[in-house]
Structure formats: structure tokens, C-alpha cells
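Engineer: coords below, sequence missing:
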């Protein structure tokens, strides 16, 4: 695999580098989601787990453990754990968002029902919890229990920040940490802890995962106001139609004149949206430069992620993690 | 409190005996469900947690730890943990069952929305997980992670056994273990483990909780076919209308003649129910004696629960747990 290709698709390079481990993780995932007694469980989870997720979170665990010289046997359990937590949150998100599509396929709540999505999500979370206990590290359990609480709190907070023009930037950060960064940082931090890494490396890998996740989510929020259609099948303007108050809107609202305030109140707070409103929102955001500012913030977080890696050994794996942080913001172009 | 009263309301006797601990547990519950950032969380959980649950599961933890001579400080965390797991499952159950009432009050999914019930349930589960980690015992975590998986698997299994006349007694037991017994037995077993009890006592307390929970759920299933309205506001015939295949139906279907089989196929498998069908179902069940057999099974499980206590020290607390197993089946009369 040449360097140019690695630069373009760093998750493919990571997958190639970690392929033996990933094969073991995939086997563990399939084995764990089998339920002898409730066949509905593997039906629902196979639909989602086999649907071509990039396994980015398990790869973050494996890479962090490897970078810290881990040579034990529990990294596969830990990698499967974070994928299960991720899948459980996807199942519940689809119920909450009343989604019809995920990764280009009909969602489980549409194919089966909301009941199955809620309960199979609970089952996956319980299974994740069992896998974690099998790792035998209370500190790993502490990290993942805290991440789980941050994720759930962020999801609930998002229910109340949507439609709320009083949302602060601090609340926005909390929501996007819950959506993406909390599990990224838990993956890298717990991988380092499992490997018995010294505190400075644990902290460096936490910071990498946190900054990578924040950057990733900010790019998503940027793209909603005019990037090209991205690779997860999201359509431009979805956040606006769902009245989500993301960074470009928070800052544009803070600087709005009387007329603009009335526009945001009508479209976001009251939800009275008409043809042409999304174009109008894009024009207001462009006028105040807040979409460009969101791009700059995403770049800064990506930069922070790469900087955090400087304390780690200079290996091909470290270069791949750095490339991943570059790749995340390439979608901005 | 006189003995007669203790006999009548053993959970009141337990609550009086454990009152200092329960006060501490209630304070910990309130403190843990506070979320600085997402006020929706304490709103939803206060509605449910303050709604007069009997705190039976926390009391089982406290009683088991006490019976095994525990003198540490983590039993309150563990007691709060099981109450949070219980509350999380109630929130998700109400979404799954589309319930409108719980403990005589409107359910959270009706007062807020399904989204809040799903996500706040996830939050409570994550909080439970944090509290468990704080107990610092991998074996306690192992017990509770296994119980969580059993609960979730039982819930999913119930989705597919409802309406399914091919449900076996083994599947029925698995469903009721998931609904009730798994958390009862995890409460008593983990209380004993926390106290560092020898294996025979751990096993005795596991068996007590398991048998108590199975007895409790069988009584519920018995009452649905003709007991007086019970104290959780459930109406007679609810299970039949929801086409749940419980023990009286499983056995009646196994012995049905051609006409009766057609009746069960129409009302349970196809869900085509008319006025008078519930009375007809009761008559068929009475004819085959399967309601009486369910009563006998519930009594046998209650007896097993009391027998399991014989290996434990003969204290007032042990008598209260025995009274509780008696009380559970008094609703049969």
C-alpha cells in the first residue's frame, strides 16, 4: 500500500496494519451477539454490525494499546466493547430520531419495530458491560462507565438544546462530546490503560481521541450547511430542518440584527419553515462568517489531535493516527 | 412494630429495620440522578423514583450484606445501583409496552415523550454502571453485568414469545427470570459477595432471590386470570389482551382439544379477540386446572426461597426475608 493511498484512506491503512487483530475482534463480535434463546437479537444486530461500519472505534483501541506496547489478550474484548456501545447508541438514536435509513440501509426500527431497537440496544449494552468486566481492569471499567454517562447525558441534553436558541457554545461542545468524542477518547484512553502505559501517554491518547472526535463532529455540522453530500448518506440541511442548534447558528444568532433574530426564532424556535428558508439561513451564516469559523475550529481540533501524538513513539502506527486526523478535516474541502 | 404487622407487611418491617441505610441510599439516588447539564434527567427520574416504589431491590442488597456481616461503606452504592437498573428497565418497558400508567401515575413516555424515556433510561443505566465501579469489586460487576444481559435477553425473548403458542415452559421461566428474578438474585448474591461471604452463603442468597423473584412473577401471572386487582394497578385480563403466553395458557394449550386449540389460535396467535373471550379463556383454564397448577408452582418457589435461608444465621433479618417470601404468595388468596 503506497503512502499516497494511506494519506487518502487512513482507516484502510489502519485496517491493513491491524488486520489480524480486527479479524479476531470481528469473530468475538459475532460470537457475543449470538443469543441462543432470542434469535431476534442476532437478526437485528447483524443487520447493523455487518452493514459496513468502518470499525473506527475498535481500531482506536487496538492502535492505542499497540502504541503503548501491549502484549496481553484483552484488547480484543475491549475493542468489541466499544463497538457494542456504539451500536447500542445507534439503535437507540434511530428510535429517538425516527430515522428510516442508516449506512444506506433501512434502520432496524423500520424493519422490525421500535421495541426491538430499544431492547436489543439494551442487550448490546449489557453484553458490552460483560466484555469489559472480562478485561479485568477496574480503571478501564471506570473510563467506560464515565464515557457511557457522558454519551447518555449528551443525548438528553441534545433533546433540549434542539430548538433552543439560548444554547451556549459550552453546551454545544458537551453535546458533540457525547455524540462522538466521548467514545473516541474512551477508546484511546482505555487502550493505553490496558497496556499499563505511564500517565503522560494515557493523557496524550485521551487528548488525541477527544480532539479527533470533536473535529469529526464539527466537520459534520459544517457540511450540513453546504459541503458536498458526505459518505454517511446525510443530506445537506438535515440539521436545519431538525432545528438542531449547531455552532454556525449559535454564533450567527449571537450577532443577529432584529430581522435575523426574527428569522431564527421562526425557523428554529417555532419550527415554522418554508421553501427558501434553508438558503436564507446559509446566506445569513455566510454574511457573519460563522461557517468559515466552524471550519477553522474543526481544523484547530484536528491540529490538537495531531499535536497530542508527539509524546508517543514515532512509528508507522502513530503516522496513521496522525493521517486519520488529517483525513477527518479533508471533508471540509 | 408487632409480629402480626411484620407478617402482614414484611417490606415495612424490612424498611424499619434498614431505615438508616435506606435513608443513605435515597440520598445517594437523589444525588446521582442530578444532572447539572441536562435538567430533563432529574425531571423524568424524580417522577418515577419518587413515585412510591417499595425499594424492594435495594432492601434485598442491604439485607444480604447485613446477614453476611458486612461492615464496609459500599452497600449503599450497590443498593442504589440495583434501583437504577430497575428504574431504567421500567422506563424502557413503558416505551415498549406503550403504557400510559405506572404506579398509578402517568408514565414518563406519556408526560414527556418516548425519546426522553429511552435516553434517560440509558443515562440511569450508565449511572448504575458508575456506581458499581465505585464498589471496587470485579466479582460484583460480573454478577450485575450477567444479570443485565439476562434481563435484556428476557425482554427480547418476550417480544417473540408473546402471541406464540409454541412457547415452552423453559422459555417462560427464562422470560420471568429476566423480568423479575434476575435482578432479585443479583441483588442478594452481590450483597453477599460484597460482604466477602463464603460460597455456600453466596449460593444460598442467590437461590433465595431467584426463587423469590420467580414466585413473585408467577403470582402476577396467576392474578391476571382472576385474582382480585392487585396493588400495582394492573387489571385482570391485561396479559390475555396483550396476548402474553404465560404458564396457565402454555399448559392449557398443551392439553387442548380441537375446539380449544382453535380458540387459542384465534385469540392469542391471531389476536382476533371478541367480547366474552377472556371469560372463555378462564373457563378453559379452570377446566384443565392450569390456574391451580400455577398457584402450586408459585407456592413451591416461595417454599424454595424460604428453605434457602436455612443456611444463614437465625436473626430477625432472616425472619423478615422469610416473611417476605410468605407475603409474596399471600396475594394468591
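Structural biologist: Alright, I've got the coordinates. On a predicted model such as this, the values are computed, not experimentally measured, just so you know.
Engineer: Flag the shaky bits of chain A, pLDDT-wise.
Structural biologist: Chain A contains residues with pLDDT under 70 at A:1-8, A:35-36, A:47-52, A:98-112, A:227-234.
Engineer: where along it do the strands fall?
Structural biologist: Ranges of strands in chain A, per DSSP state E, are A:101-102, A:105-106.
Engineer: surely residue A:64 meets residue A:185?
Structural biologist: No. With contact defined as CB atoms under 8 Å, residue A:64 does not count as touching residue A:185 (10.2 Å). In this view, the C-beta of every residue, glycine as well, is placed from N, C-alpha and C.
Engineer: Please enumerate the shared neighbours of these two.
Structural biologist: Common contacts of residue A:64 and residue A:185 (CB atoms under 8 Å, 6 or more residues apart in numbering or on different chains): residue A:209.
Engineer: The two: who's more crowded?
Structural biologist: Using other CB atoms under 10 Å in any protein chain shown, the more surrounded residue of residue A:64 and residue A:185 is residue A:64, with 32 against 25.
Engineer: Pull the number of nearby residues for the nearest residue in space to the more buried one that is not next to it in sequence.
Structural biologist: If the residues on either side of it in the chain are set aside, residue A:64 comes closest to residue A:191, at 3.0 Å by CB to CB, 6 or more residues apart in numbering or on different chains. For residue A:191, the count of nearby residues is 31 (other CB under 10 Å).
Engineer: Now residue A:244: phi and psi?
Structural biologist: With angles defined as degrees, to the nearest 10, residue A:244 sits at phi -80, psi 130.
Engineer: Repeat that for residue A:196.
Structural biologist: Phi and psi for residue A:196, reported as degrees, to the nearest 10, are phi 70, psi 30.
Engineer: Any residues of the stretch 101-250 of chain A in contact with chain B? List them.
Structural biologist: Neighbours of chain B within the stretch 101-250 of chain A, by CB under 8 Å from any CB of the partner chain: A:114-116, A:118-120, A:122-123, A:125-127, A:129-130, A:132-133, A:136, A:138, A:141-142, A:145-146, A:148-149, A:151-153, A:155-157, A:159-160, A:171, A:174.
Engineer: could you flag which of those residues are buried?
Structural biologist: For these, a burial check counting by 16 or more other CB atoms under 10 Å in any protein chain shown picks out A:114-116, A:118-120, A:122-123, A:125-127, A:129-130, A:132-133, A:138, A:141-142, A:145-146, A:148-149, A:151-153, A:155-157, A:159-160, A:171, A:174.
Engineer: Which members of those residues occur in helices, if any?
Structural biologist: Among those, the residues falling in helices (DSSP state H) are A:114-116, A:118-120, A:122-123, A:125-127, A:129-130, A:132-133, A:138, A:141-142, A:145-146, A:148-149, A:151-153, A:155-157, A:159-160, A:171, A:174.
Engineer: residues contacting the spatially most central residue of chain A?
Structural biologist: Nearest to the geometric centre of chain A sits residue A:180, at 2.9 Å (CA atoms, centre = their mean). Listed by CB under 8 Å, 6+ apart, the contact partners of residue A:180 are A:213, A:214, A:216, A:217.
Engineer: Nearest to residue B:10 among the residues you listed?
Structural biologist: Using CB to CB, residue A:213 is the member of the contacts of residue A:180 that sits closest to residue B:10, with 50.4 Å.
Engineer: Enumerate every residue touching the residue lying closest to residue A:96 once chain neighbours are set aside.
Structural biologist: Distances taken as CB to CB, 6+ apart place residue B:115 nearest to residue A:96, at 4.4 Å, with adjacent residues excluded. By CB under 8 Å, 6+ apart, residue B:115 lies in contact with A:95, A:96, A:159.
Engineer: Tell me how far residue B:115 lies from residue A:136.
Structural biologist: Distance, residue B:115 to residue A:136, by CB to CB, to the nearest Å: 36 Å.
Engineer: What does the residue in the stretch 201-333 of chain A positioned nearest to chain B show for phi and psi?
Structural biologist: Evaluated by CB to the nearest CB, the stretch 201-333 of chain A has residue A:242 as its residue closest to chain B, separated by 12.3 Å. Dihedral angles of residue A:242 (phi, psi; degrees, to the nearest 10) stand at phi -80, psi 0.
Engineer: returning to that earlier point: thinking the residue nearest to residue A:64 is in contact with residue A:65, fair?
Structural biologist: Yes. If you go by CB under 8 Å, residue A:191 and residue A:65 touch, sitting 4.1 Å apart.
Engineer: Give me the common contacts of those two.
Structural biologist: Taking CB under 8 Å, 6+ apart as the criterion, residue A:191 and residue A:65 both touch A:75, A:78.
Engineer: can you tell me which residues contact residue A:66?
Structural biologist: Residues in contact with residue A:66 (CB under 8 Å, 6+ apart) are A:18, A:75, A:317.
Engineer: Mark which of these are buried, thanks.
Structural biologist: In those, burial by neighbour count holds for A:18, A:75, A:317, counting by 16+ other CB under 10 Å.
Engineer: Reformat those residues as CSV; add distance to residue A:265.
Structural biologist: Putting the buried ones among the contacts of residue A:66 into CSV (distance: CB to CB, whole Å) gives the following:
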residue, distance to residue A:265
A:18, 49
A:75, 50
A:317, 50
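Engineer: any idea which of those residues is the one closest to residue B:31?
Structural biologist: Distance to residue B:31 across the buried ones among the contacts of residue A:66 (CB to CB) is lowest for residue A:75, with 35.2 Å.
Engineer: looking at it, the closest one is touching residue A:24, isn't it?
Structural biologist: No. Contact criterion CB under 8 Å: residue A:75 and residue A:24 do not qualify, at 9.1 Å.
Engineer: Helices of the stretch 151-300 of chain A, start to end?
Structural biologist: Along the stretch 151-300 of chain A, counting by DSSP state H, counting those that start in this stretch, helices occupy A:169-176, A:182-194, A:199-223, A:238-241, A:247-254, A:258-264, A:277-288, A:290-308.
Engineer: And for residue A:77, the neighbour number?
Structural biologist: For residue A:77, the count of nearby residues is 23 (other CB under 10 Å).
Engineer: Please give me every residue in contact with it.
Structural biologist: With CB under 8 Å, 6+ apart, residue A:77 has these contacts: A:28, A:131, A:132, A:134, A:135.
Engineer: For it, which non-adjacent residue is spatially closest?
Structural biologist: Spatially, and ignoring its direct neighbours in sequence, residue A:77 is nearest to residue A:131 (4.7 Å; CB to CB, 6+ apart).
Engineer: again with residue A:147
Structural biologist: Nearest one to residue A:147, counting by CB to CB, 6+ apart, is residue A:186 at 3.6 Å.
Engineer: From residue B:329, how far off is the one you found?
Structural biologist: From residue A:186 across to residue B:329, the span is 46 Å (CB to CB).
Engineer: What count of nearby residues applies to residue A:279?
Structural biologist: 10.
Engineer: for residue A:181, that is, sorry about that
Structural biologist: The burial count for residue A:181: 25, using other CB under 10 Å.
Engineer: so how far is chain B from it?
Structural biologist: As judged by CB to the nearest CB, to the nearest Å, residue A:181 and chain B stand 15 Å apart.
Engineer: Show the contacting residues for that residue.
Structural biologist: Residues in contact with residue A:181, defined by CB under 8 Å, 6+ apart, are A:209, A:210, A:211, A:212, A:213, A:214, A:216, A:217.
Engineer: Also residue A:290?
Structural biologist: Applying CB under 8 Å, 6+ apart, we find residue A:290 in contact with A:247, A:248, A:249, A:251, A:252, A:255.
Engineer: Can you flag the buried ones in those residues?
Structural biologist: Neighbour counting over the contacts of residue A:290 (16+ other CB under 10 Å) leaves A:247, A:248, A:249, A:251, A:252 as the buried ones.
Engineer: ok, now which ones touch the nearest residue to the first one once chain neighbours are set aside?
Structural biologist: In other words, residue A:247. Distances taken as CB to CB, 6+ apart place residue A:294 nearest to residue A:247, at 4.8 Å, with adjacent residues excluded. Counting by CB under 8 Å, 6+ apart, residue A:294 touches A:218, A:221, A:222, A:246, A:247, A:248, A:251.
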